[in-house]
Each structure stands twice: as C-alpha cells, then as structure tokens.
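Student: Whatever this is, show me its structure:
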Amino acid sequence: MEWSEWRRMSQTFVLIVGAWHGGWAWHAVATELRAQGHEVHAPTLPGLGEHDDPRTLTLDDCIGFVVDYIRDHSLTDIVLVGHSWGGFVVSGVTKILGPAVIARRVYYSAFVPLSGEALVDIVPPDYTGLFGQLAEMSGNNSVAMPLPVFQGAFIQDASEETQAIVHAALVPQPYNYFTDSLDLDGLEDMGVPSSYVISPDDVALPPGEFAWTPRFPARLKDPLMVTTIGSHESLFTQPAAVAAALQEAAPRA
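Tutor: This next block holds a predicted model:
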C-alpha cells in the first residue's frame with residue numbers, strides 16, 4: 001500500500017477507559033491500531049491516576065478534562081471510543097464538541113446513559129449496594145474493585161496469574177463518577193453516528209434485564225452493531241480482536 005493511501009485510511013482514535021483503569025489499559029489495543037496506521041490517544045482520566053484524590057472530583061470534571069485534551073491536541077474528525085463506564089464520558093464529550101470534532105462515537109461493552117441517569121441507576125441492585133458500601137468504607141469516597149468480582153465476571157477468560165496482575169494495577173474509582181448524571185438532551189439528534197461493540201462472552205452485566213444488549217444499543221439512533229470476542233476485559237485478553245472490531249465500528253465515510 002502506498003504511503004499516501006495509508007494516510008488517507010488513517011483515523012484518529014481517542015480511547016476512553018472504563019472504571020478503575022488508566023490509559024495504560026489500552027496499550028495492547030493501541031499498539032494494534034497504530035500498526036494499521038491510525039493515530040491513537042488514550043489519556044488517563046482525573047481520579048484514575050495513582051496519586052489522585054477522588055473525594056471532590058465530579059463526572060463533569062472528567063468530561064471537561066477530555067474536552068480540554070482534545071482541544072489542546074487540536075484533534076478533529078475523531079473516533080471517540082468508550083469502554084464500560086467510559087460510555088458516560090463519550091456521551092458527555094460528544095454533547096459538548098458535536099459533529100464538528102467527533103466523527104463517530106463507539107460504545108465498547110459500554111453504558112449508554114440517558115439524560116439525568118447515573119451509573120448506579122442502571123446496574124443491577126447488587127452492584128449499586130456493593131458500590132455504596134465500598135465507598136462508605138473507603139475513607140475517601142472511592143470504590144475499589146473486589147478481586148473475586150473481577151475474576152468471575154470481568155476477566156474470566158484469563159489465567160489466575162494474569163487476573164492478579166491486571167487487578168493489582170487497577171485504582172479505586174471516584175464514587176461521584178457512579179452517582180453523577182449528565183444533561184444529554186438532544187444528543188441523538190446532533191448527527192454524530194454511533195456504533196456498539198459487544199462480545200457474547202461479556203458477563204460483567206448479567207444476562208437478562210440488566211444485560212448490555214439489547215438495552216444500551218436501543219438507546220442509540222441507528223447504531224452500527226459489531227460483535228467481537230472475549231470477556232469484559234478483552235482489551236487485555238483479545239487486543240487484536242478488539243482493535244479489529246473498533247476499526248469495523250468506525251468505517252470511513
């Protein structure tokens with residue numbers, strides 16, 4: 001392939017992490033995407049760095065950080081990808097920047113919130129209760145990911161050694177990020193196309209009433225549906241497949 005053609009096919013991906021993760025979590029997927037000629041950004045969000053104070057941060061702070069990051073790096077025509085909780089950030093950032101900057105939003109095993117809806121409103125009641133208890137016990141209004149939950153529901157397709165290594169790198173999530181909601185009125189009418197990427201093996205949300213699909217794609221206007229493989233943490237266990245799915249989810253116009 002000629003260099004000019006490769007550059008023409010190149011896209012700019014901004015990858016937004018899920019809860020408990022830093023930008024480091026995208027490393028393997030980003031490497032795959034860059035090998036295909038794409039520009040990739042994977043910022044670590046406020047509250048998800050090793051020494052960040054989670055007590056006063058809000059979801060709006062997080063969204064403002066990503067908006068500033070995009071503007072500071074003069075990024076346009078962006079494929080904005082959110083994993084899991086990162087769907088909240090994708091929706092909030094898109095509402096601010098709109099189609100002039102965001103070419104497509106991609107929800108990868110992600111929440112698609114409605115206006116005024118917090119994460120604790122749309123997860124199973126057991127999760128809501130657990131998160132509240134952990135935040136109260138934390139001393140700094142944060143939620144740590146329990147290892148047994150992570151092993152059994154999030155990364156069940158990895159070895160125990162890999163599960164332990166990844167879990168050790170996670171950081172407590174600011175609880176406000178789970179209890180804050182956003183004003184998203186009019187988002188689906190802004191003209192920013194959407195895609196939803198899901199694996200049938202992702203059981204981080206249990207099958208049935210609270211499952212990822214069809215509940216969340218149904219909230220999007222004519223989403224492009226893409227199926228991939230692996231657990232909820234397939235960005236670690238199946239990075240090549242995830243990178244391929246993200247490219248499929250972001251076709252060139």
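Student: make it CA atoms for all contacts and neighbour counts henceforth
Tutor: Fine.
Student: Could you confirm residue 244 falls within a helix?
Tutor: Yes - according to DSSP: H, G, I helix; E, B strand; the rest coil, residue 244 belongs to a helix.
Student: Report how many residues lie close to it.
Tutor: Neighbours of residue 244 under the rule other CA atoms under 10 Å: 15.
Student: Need phi/psi at residue 142.
Tutor: For residue 142, the backbone dihedrals (degrees, to the nearest 10) come out as phi -130, psi 160.
Student: That one contacts residue 57, doesn't it?
Tutor: No - the pair residue 142 / residue 57 is not scored as a contact, 10.4 Å apart, by CA atoms under 8 Å.
Student: list residues touching both of these two?
Tutor: Any residue near both residue 142 and residue 57 by CA atoms under 8 Å, 6 or more residues apart in numbering counts here, and that gives residue 174.
Student: The two: who's more crowded?
Tutor: When neighbours are counted by other CA under 10 Å, residue 142 comes out ahead of the other of residue 142 and residue 57, with 25 against 17.
Student: The more buried one and residue 65, how far apart?
Tutor: To residue 65, residue 142 is 19 Å away according to CA to CA, to the nearest Å.
Student: Please name the nearest non-neighbouring residue to residue 219.
Tutor: Leaving aside its chain neighbours, residue 219 sits nearest to residue 112 (6.9 Å; criterion: CA to CA, 6 or more residues apart in numbering).
Student: now swap in residue 122 and tell me
Tutor: residue 210 (7.5 Å).
Student: how deep is that neighbour tucked in, by neighbour count?
Tutor: Residues near residue 210, counting by other CA under 10 Å, number 16.
Student: My guess is it contacts residue 123. True?
Tutor: Yes - with contacts counted by CA under 8 Å, residue 210 reaches residue 123, the gap being 6.5 Å.
Student: Point out where the stretch 1-150 of the chain drops to low pLDDT.
Tutor: 1-8 (pLDDT under 70).
Student: Kindly list the main-chain dihedrals of residue 162?
Tutor: Dihedral angles (degrees, to the nearest 10) for residue 162: phi -70, psi -40.
Student: measure it to residue 237 for me?
Tutor: Residue 162 is 9 Å from residue 237, by CA to CA.
Student: Ok, residue 225 next?
Tutor: Taking CA to CA, one finds residue 225 at 21 Å from residue 237.
Student: out of those two, which sits in the more crowded spot?
Tutor: residue 237 (20 against 16).
Student: got a list of what the residue nearest in space to the middle of the chain touches?
Tutor: Nearest to the mean C-alpha position of the chain, by CA atoms, centre = their mean, lies residue 83 at 2.0 Å. Residue 83 is in contact with 15, 16, 17, 18, 107, 108, 109, 110, counting by CA under 8 Å, 6+ apart.
Student: now swap in residue 201 and tell me
Tutor: Counting by CA under 8 Å, 6+ apart, residue 201 has contacts 229, 230, 231, 232.
Student: Residue 147: which of these is nearest?
Tutor: residue 232 (14.6 Å; CA to CA).
Student: If I look at that closest one, what pLDDT would I see?
Tutor: Note on residue 232: pLDDT of 98.
Student: Please verify my assumption that it contacts residue 205.
Tutor: No - Residue 232 lies out of contact with residue 205 (CA under 8 Å); the separation is 9.1 Å.
Student: more neighbours, these two?
Tutor: Remark: of residue 232 and residue 205, residue 232 carries more neighbours, 27 against 18, as counted by other CA under 10 Å.
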